[in-house]
Each structure stands twice: as C-alpha cells, then as structure tokens.
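Student: mind looking at a prediction? Sequence and model below.
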Amino acid sequence: MYLYLVQHGEAKSKQEDPDRSLTEKGIKEITSLADFLKAKISFDRIVHSGKKRAQQTAEILTAAIAPDQTPAVIDCINPNDDPQKLADLIAGWTGDNLIVGHLPFMARMVGLLVNSDPGKAINNFQPGSMVCLEKEDSAEWKIGWILRPELFN
C-alpha cells in the first residue's frame with residue numbers, strides 16, 4: 001500500500017486573494033509534478049482539505065494521473081488538525097491513496113505514521129512537495145521517496 005502526501009502548491013497571500021488560490025508558480029510546479037508522475041503512480045482515492053489551494057492541487061494531480069477519479073473533501077486535514085484522526089481513517093483504507101494538505105499537518109502526519117511522534121519532523125515539506133509512504137504486510141509505514149519542486153525546474 002502506498003500513501004502519497006502532498007503539500008499544496010505555492011498559494012497567493014491572504015491580502016492578494018482571501019481564498020488563497022495557487023499562484024502561477026504553484027500551478028506550474030504542481031503541473032510539472034503531475035506530468036512526471038502520470039506514468040509512474042496510480043491511486044484509488046484522492047482527498048484534500050477543501051481549501052482552494054488544496055483543491056486546485058488535487059484537481060491538477062487527478063487530471064494527469066487518474067482522470068477517472070474525483071477528488072473528495074475530508075474534514076480532518078486542515079493545517080492545525082490532529083493527525084491521529086486521519087491515521088485512524090487510513091487504518092481502514094485499502095489500495096493506494098493520495099492526500100493533499102497543508103503545513104504543519106502534513107509534516108505531523110509523516111512524523112506520526114513513520115515515528116509514532118507527530119511532533120518529530122522527519123522531512124522538510126515545502127509547497128508542491130510529495131512524500132511517498134509505503135506499508136507492506138507489517139503495520140509500519142516507511143518513507144519510500146520524496147519529491148520537491150526544485151527537481152522539476
């Protein structure tokens with residue numbers, strides 16, 4: 001089972017856009033990530049927080065990688081949410097799943113799943129980053145790989 005955790009692309013400031021849509025750079029970075037991944041990964045489910053920047057990121061990834069999928073909103077992956085609620089949901093999921101969210105939540109989620117400690121950051125997320133976690137027969141999640149936007153520029 002694979003779990004793909006994505007921090008949304010670069011977003012506009014609240015002053016520029018109260019909904020915090022993706023910037024042109026954010027759209028470009030997520031599009032480059034999606035183009036790179038489209039023949040390399042698949043997923044059975046894609047969820048996002050419902051915030052505009054996460055929704056746009058999820059839509060770009062879905063269109064390129066799994067156009068038959070529809071991104072869904074999930075209410076427990078906002079920036080300051082407790083990652084344990086999502087970890088409990090994931091425990092019942094099957095297949096490969098992609099989650100688009102925010103900091104500090106995404107970093108805390110990786111810490112919880114890999115180290116059982118949401119307070120211990122083990123990777124450096126930035127807008128447009130993706131972490132692939134893998135779980136085989138054991139209950140332990142391991143980091144498979146990390147992609148950051150500068151790899152595509």
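Tutor: Good, I have the coordinates. Numbers count the residues shown, from 1 in each chain.
Student: now do stretch 66-75: everything it contacts.
Tutor: Outside stretch 66-75, the residues within contact range by C-beta atoms under 8 Å, 6 or more residues apart in numbering are 42-50, 55, 58-59, 62, 86, 89, 99-100. In short, each C-beta sits where N, CA and C put it, glycine included.
Student: quick one, which of those are buried?
Tutor: When these are checked for burial by 16 or more other C-beta atoms under 10 Å, the buried set is 43, 45-49, 55, 58-59, 62, 86, 99-100.
Student: farthest pair in those?
Tutor: E59 and L86 (20.5 Å; C-beta to C-beta).
Student: off-centre distance for the strand or helix carrying V114?
Tutor: For V114, the enclosing helix or strand under DSSP states H and E is helix 105-115. Helix 105-115 has its C-alpha centroid displaced from the chain centroid by 12 Å (C-alpha atoms, centre = their mean, to the nearest Å).
Student: just the C-alpha atoms of that helix, please, in PDB.
Tutor: Taking Å, rounded to 0.1, in the frame of the first residue of the first chain, the C-alpha atoms of helix 105-115 are listed here in PDB:
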ATOM      1  CA  PHE A 105      -0.400  19.000   9.400                       C
ATOM      2  CA  MET A 106       1.400  17.100   6.600                       C
ATOM      3  CA  ALA A 107       4.800  17.100   8.500                       C
ATOM      4  CA  ARG A 108       3.000  16.000  11.700                       C
ATOM      5  CA  MET A 109       1.200  13.200   9.700                       C
ATOM      6  CA  VAL A 110       4.500  11.800   8.400                       C
ATOM      7  CA  GLY A 111       6.000  12.000  11.900                       C
ATOM      8  CA  LEU A 112       3.100  10.100  13.400                       C
ATOM      9  CA  LEU A 113       3.000   7.400  10.700                       C
ATOM     10  CA  VAL A 114       6.700   6.800  10.500                       C
ATOM     11  CA  ASN A 115       7.900   7.500  14.100                       C
END
